[in-house]
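J.: Sharing a sequence plus its predicted fold:
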Amino acid sequence: MQKSVEIESKELTLRGMLHVPERINGKIPIVCIFHGFYSDKTEAHFMFVKLSRKLADRGIASVRFDFRGSGESDGEFIDMTVSKELEDANAILDYAGSLDFVDINKIGVIGLSLGGAIASMLAADRRETIKSLCLWSPAGNMRDIIISGKSADDVRQIRRKGFFDFEGLSIGTEFLGDIENIDIFRKASSYDKNVLIIHGDKDETVPLCISERYLELYGTNAVLHIVKGADHTFNSKEWEDEVLDCSIAFMETELL
């Protein structure tokens, strides 16, 4: 069963999809799925839709929402920041745990790119709630992605203008100030349960070394699965199948 749902986060409405297995016997696990930067709850080549449906086939519910300013959720993209998306992620996690059919001891999180960075920080903040964590191409280098190639003078001009154009989307100066003050790796470091990290070795947006740094951070609790030849969002059926199969197997082991 799949249905549209809405929740509130800081007086904004977030819109998403809830997937539930057709047959429920007692309490069941749930996975919260977080999309990447300037994406939405379906993700590239509808990868998150496929993920949610496959999880449901295996008896695991899931929720996937548009963060504020993205997709169909309230707000403007120019006003989004990493900290605000983390607030949204907390609201989504609270919603997932409030569902009457959910086993609150079996909640997992999956995030792609910036959604992976958000997931890693949320898992550390809410480590008593989140039983397992799966990161796809996690953008722990988000500051570098945004600032790369810009001089100090460029940044000053952006601040005077109030925004800058990033591939057709307006990024506000609040985002710049926020990302400059967040150490994603430090905030993620206290998560102490099992982690699966999946990354393509030809990713030009978030290099593989970022996931290797996450691997060092989590130590023996983490495994890094490298998808040979894959880009940032696993844009081939072969790569997609590998990511989905690996992620679902991990969540089945951890949550069922």
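T.: That came through, no problem. No experiment lies behind these values; they were computed from the predicted model shown.

J.: what's the nearest residue to Val227 once chain neighbours are set aside sitting at in phi/psi?
T.: Nearest non-adjacent residue to Val227, counting by C-beta to C-beta, 6 or more residues apart in numbering: Gly200, 4.7 Å away. Placement of C-beta: from N, CA and C, glycine included. Backbone geometry at Gly200, expressed as degrees, to the nearest 10, gives phi -80, psi 140.

J.: Can you get me a residue count around Gly200?
T.: The burial count assigned to Gly200 is 26, neighbours taken as other C-beta atoms under 10 Å.

J.: Quick check: mean pLDDT of whichever helix or strand Asp94 is part of?
T.: Taking DSSP states H and E as the criterion, Asp94 maps to helix 82-98. Helix 82-98 carries an average pLDDT of 98.

J.: What pLDDT is listed against the residue nearest to Val227?
T.: 98.

J.: how close does the closest residue to Trp239 other than its chain neighbours sit to Lys237?
T.: Excluding its sequence neighbours, the residue lying closest to Trp239 (C-beta to C-beta, 6+ apart) is Ala230, at 4.2 Å. Relative to Lys237, Ala230 is positioned 12 Å away (C-beta to C-beta, to the nearest Å).

J.: Show me which of the two is the more surrounded one.
T.: More crowded of Ala230 and Lys237, by other C-beta under 10 Å: Ala230, with 22 against 9.

J.: Which pLDDT value goes with that one?
T.: 98.

J.: That one touches Val206, doesn't it?
T.: No - Ala230 lies out of contact with Val206 (C-beta atoms under 8 Å); the separation is 11.7 Å.

J.: list the residues that contact both of these two?
T.: Taking C-beta atoms under 8 Å, 6 or more residues apart in numbering as the criterion, Ala230 and Val206 both touch His199.

J.: Is Ile197 part of a helix or strand, or is it coil?
T.: strand (DSSP: H, G, I helix; E, B strand; the rest coil).
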